[in-house]
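Undergrad: Could you look at this predicted model? Sequence included:
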Amino acid sequence: MSIELSNIKITPNPYGAESKCKAFCSFTLNETIRMNTVKIVEGENGRFLSYPSQKAKDGNYYSIVLPITAEIKREIEKQILAEYTKSLQPEA
């Protein structure tokens, strides 16, 4: 399956550099679905994407949207994290 991301927008986390959440991103997937409020998180094993979730009555959080396969997840993360890294570079 081919993944095409467009309209990628990276917004730095306004709560400071010490937060594990480094930025928020939004993007369009295959020109069909718009994803908003996806977090870029700095974890113990590197950066990853955290998809929107909702707290249930049992107190646990459950993802509202997430990639179905590991391959799709890796491809989306690769593209978004590359854009995030570019956004950290000073503009010339």
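TA: Structure's in. What do you need? Predicted model, so just to flag it, every value in this text is computed and none were measured.
Undergrad: Show me what counts as buried in whichever strand in the chain runs longest.
TA: Looking across the chain with DSSP state E, the single longest strand is strand 33-43. By 16 or more other C-beta atoms under 10 Å, the buried positions in strand 33-43 come out as Met35, Val38, Lys39, Ile40, Val41. (Each C-beta comes from the backbone N, C-alpha and C, glycine too.)
Undergrad: got it, and stretch 76-92?
TA: Ile76, Glu77, Gln79, Ile80, Leu81, Glu83, Tyr84, Ser87.
Undergrad: contacting residues around that stretch?
TA: Residues from elsewhere that reach stretch 76-92, judged by C-beta atoms under 8 Å, 6 or more residues apart in numbering: 3, 5, 8, 10, 12, 22-23, 25, 27, 29, 38, 40, 47-49, 67.
Undergrad: In strands only, show me those residues.
TA: Using DSSP E, 5, 8, 10, 12, 22-23, 25, 27, 29, 38, 40, 47-49 are the members of the contacts of stretch 76-92 that sit in strands.
Undergrad: and those, which are buried?
TA: Neighbour-count burial (16+ other C-beta under 10 Å) applied to those gives Leu5, Ile8, Ile10, Lys22, Ala23, Cys25, Phe27, Leu29, Val38, Ile40, Arg47, Leu49.
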